[in-house]
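what would the 3D arrangement of this be:
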Amino acid sequence: MSYPLKKEDLTLYAITDRYWLNGNKLADVVENVLKNGATFLQLREKEFSHEEMVQEAKEIKEIAARYHVPFVINDDIYAAKEINADGVHIGQSDMEYQKAREILGPDKIIGVSAGNLEQAVAAEKAGADYIGVGAVFTTSTKLDHTRITFETLKEITSTVSIPVVAIGGISADNLTQLKGTGIDGISVISAIFGQPDPGAATKDLLHRTKEMLS
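Next up, the predicted model:
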């Protein structure tokens with residue numbers, strides 16, 4: 001792939017959420033977050049039209065490129081293609097992997113969500129570049145998601161060979177509980193974007209995550 005995804009790129013995976021912006025511009029908050037060490041960025045806008053997504057993504061893509069951080073778009077494969085993002089992240093119910101790969105070509109990052117071992121194995125078999133596994137804790141962002149046990153998480157990380165990122169309700173207070181599960185990183189929304197100072201929160205999370213992974 002043209003953006004060679006390294007496991008280290010997934011250490012601290014930030015997912016945007018404008019719900020927490022409090023009047024701030026998303027681009028400014030993203031810049032602050034990347035400056036303070038986020039290693040991967042996903043633009044997630046569930047309410048956006050395709051046009052709005054493209055407009056927002058163009059600006060965010062430039063910032064991510066400046067910090068040499070991989071940038072993917074959630075769900076909107078056509079927006080990712082249009083702005084030449086580094087890739088997409090798709091859920092189990094979104095456009096299936098093969099179609100996404102056809103649209104984006106062989107060189108783009110495609111991450112896939114998985115809630116159990118079967119889904120994780122299928123995602124790897126299809127050709128996914130990494131898997132987002134969760135929810136590992138109770139989360140307010142995705143109310144329809146059931147929690148997966150740490151046993152299942154360990155089962156997934158020991159079965160698949162592509163990188164695995166844990167997602168769902170992860171915070172500075174509970175992330176140490178993920179030690180020893182075999183994950184390559186954590187994916188967070190409110191633990192960064194929902195904090196009074198997203199930059200400081202990012203710096204703190206990166207430090208704690210590296211300790212937990214070591």
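
chain center to stretch 60-75: distance?
The offset between the C-alpha centroid of stretch 60-75 and the centroid of the whole chain comes to 11 Å, using CA atoms, centre = their mean, to the nearest Å.

buried residues, that stretch. List them.
Along stretch 60-75, these residues count as buried under the neighbour rule (16 or more other CB atoms under 10 Å): 60-61, 63-64, 67, 69-75. Yep, even glycine has a C-beta here, placed from its N, CA and C like the rest.

same check on stretch 188-206?
Applying a neighbour-count criterion of 16+ other CB under 10 Å, one finds 188-195, 198-199, 201-206 buried in stretch 188-206.

list the ones among the buried residues of stretch 60-75 that fall in strands.
71-74 (DSSP state E).

distance check, the residue nearest to residue 84 when sequence neighbours are not counted against residue 193.
The shortest distance from residue 84 to any non-neighbouring residue, by CB to CB, 6 or more residues apart in numbering, is to residue 61 (7.7 Å). Spatial separation of residue 61 from residue 193 under the definition CB to CB, to the nearest Å is 18 Å.

that older thread, show me which pair in the ones in strands among the buried residues of stretch 60-75 is furthest apart.
When CB to CB is used, the two most widely separated members of those are 71 and 74, lying 11.3 Å apart.

does residue 112 belong to a helix, a strand or coil?
For residue 112, the reduced secondary structure class is strand; criterion used: DSSP: H, G, I helix; E, B strand; the rest coil.

many thanks, I have nothing further to ask.
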